[in-house]
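Student: Fold the following.
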Amino acid sequence: GLALISTKGNISGINLGGVGLISEGGHLTGLNVSGIAMISSKGLITGCNFGGVSIIASEGSVTGTNVTLGEITAKTAITGINIAGYKIESNKITGLSIVPGWIEANQVTGVAITGYCKVNGRQTGLSIALINEAEELNGIQIGLINIAGNNGALSWLPILNAHFGI
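Tutor: Numbers count the residues shown, from 1 in each chain. I've put the predicted structure just below:
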């Protein structure tokens, strides 16, 4: 129907919501498909997650294969294969992340392909973007403008920036 909502427990299995999947007190686990929004206000979202406009874990993490036309947002972490049309944002992002808009996190590990990659802490791996910006780079940035705060005089470079170390 329109929505699948749990106010206290978990939602597990094959979960379909025409407009939304909402777990206010537990986790969303399994094959999760929502026409507009998939939200876990206090728990985790885990599995194969397809949200029309958004996948949001307000206080937790999103893990698995995560696909949406809009944004994937999690307070703690986003892990796995992440594809969004607008934005991917979390404290920590790990895995493969593809988004035409932007990625914003304190830590990014893996491969990021995006329009703008903003890492407020450590980026480890490969980032391909029009603009890459990381306070601390341990990997490679490919783009028009590449900023690695820990690269001294070479912190701003066109096309390619790299830094490897501890």
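
Student: So in the protein, which strand runs the longest?
Tutor: In the chain, with assignment by DSSP state E, the single longest strand is strand 87-148.

Student: Let me see the mean pLDDT of that strand.
Tutor: Mean pLDDT, strand 87-148: 98.

Student: Show me how far it is from its chain's centre.
Tutor: 10 Å (C-alpha atoms, centre = their mean, to the nearest Å).

Student: contacting residues around stretch 59-74?
Tutor: Stretch 59-74 has contacts (C-beta atoms under 8 Å, 6 or more residues apart in numbering) with 27, 38, 40-57, 75-91. In short, each C-beta sits where N, CA and C put it, glycine included.

Student: just checking, what packs against the longest strand of the chain?
Tutor: strand 71-84, strand 156-163 (3 or more C-beta pairs under 8 Å, 6 or more residues apart in numbering; DSSP states H and E).

Student: Just the buried subset of the contacts of stretch 59-74, please.
Tutor: Buried by 16 or more other C-beta atoms under 10 Å: 27, 38, 40, 43-47, 49-57, 77-80, 82-84, 86-90, out of those.

Student: which residues does residue 148 contact?
Tutor: Here residue 148 is in contact with 134, 136-137, 141, 154-155, 157, 161-163 (C-beta under 8 Å, 6+ apart).
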